[in-house]
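A.B. asks: Turn this into a model:
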Amino acid sequence: TSEKLTDFICKEKKVSKKEMALIKSIFRDINEFIKTEELNIKVFVNWLVETPKVKKQLIDEEKDWLLKEVSNVKTLKELILKYKAARTLKEEMADKLREYDNNNYNAVYLLTIHSSKGLGYKNVFVKGIYKNSLPDYRSVDKESIELQPLIEQASPPTTMEEQRRLMYVALTRAKENLYVTYPREINDKPTLVSPFIKESNIMFSEEKI
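C.D. replies: Okay, the predicted model is just below:
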């Protein structure tokens, strides 16, 4: 009952008589709404968002969103059906995401090179393979530079060897078909193809697509 709910809520909290009376009043109203066989949800939500506690907690955007969500719902039965449909959709999406994460879903997978380690796909597209991207413009050659000063900096450097290993990982994800691309220009400035492409003996076309 509303009395028991109020007692339970206020049991371990210091609540004034005025606050307790307000809580009881709210629960009584809710109870009356629930008893109504053809409960008008829109009327109920409009009432609910204007109750002192709820009104204080909700920001205008949340209130507007809530009212919009129930604008086309008239009865409690309709609200329950809408909730069940939303829950079913959520579960279906969760199942699809699990399938996607387990690489069982027939979809395009967008992966970083690091996250693709250990995986393999029939067709693989590796994009953005140009100088200063892969290898990264910050990468250094261990044989031609003193690393210690760089290691002591806030951002440890990456080496050409590490970048070359990344390229190897990217290229070996393909089981059948591998496509490697690079942009001709970035911000109206021409780019140079990554030296790793030439090292890999990959045949590529200079023709415009």
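
A.B. asks: quick one: the strands in this protein?
C.D. replies: 121-126, 174-180, 185-186, 189-190 (DSSP state E).

A.B. asks: Domain-wise, how is the chain divided?
C.D. replies: 2-101, 114-199 (automatic domain parsing).

A.B. asks: Let me know the average pLDDT across the shortest one.
C.D. replies: Along domain 114-199, the predicted confidence averages to a pLDDT of 80.

A.B. asks: start to end distance for that domain?
C.D. replies: Using Cα to Cα, to the nearest Å, one end of domain 114-199 lies 21 Å from the other.

A.B. asks: what separates it from the chain centre, distance-wise?
C.D. replies: 26 Å (Cα atoms, centre = their mean, to the nearest Å).

A.B. asks: And for the first one?
C.D. replies: Relative to the mean C-alpha coordinate of its chain, domain 2-101 is positioned 27 Å out (Cα atoms, centre = their mean).

A.B. asks: Output the strands of the chain in JSON lines, with mean neighbour count and distance to Tyr83 appended to each entry.
C.D. replies: Yep, even glycine has a C-beta here, placed from its N, CA and C like the rest. As requested, these are exported to JSON lines (neighbours: other Cβ atoms under 10 Å; distance: least, Cβ to Cβ, whole Å):
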{"stretch": "strand 121-126", "mean neighbour count": "15", "distance to Tyr83": "38"}
{"stretch": "strand 174-180", "mean neighbour count": "14", "distance to Tyr83": "44"}
{"stretch": "strand 185-186", "mean neighbour count": "10", "distance to Tyr83": "48"}
{"stretch": "strand 189-190", "mean neighbour count": "8", "distance to Tyr83": "54"}
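
A.B. asks: want to throw the ones you listed into a markdown table with distance to Asp136?
C.D. replies: A markdown table is the format used below for the strands of the chain (distance: least, Cβ to Cβ, whole Å):
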| stretch | distance to Asp136 |
| --- | --- |
| strand 121-126 | 15 |
| strand 174-180 | 17 |
| strand 185-186 | 15 |
| strand 189-190 | 18 |
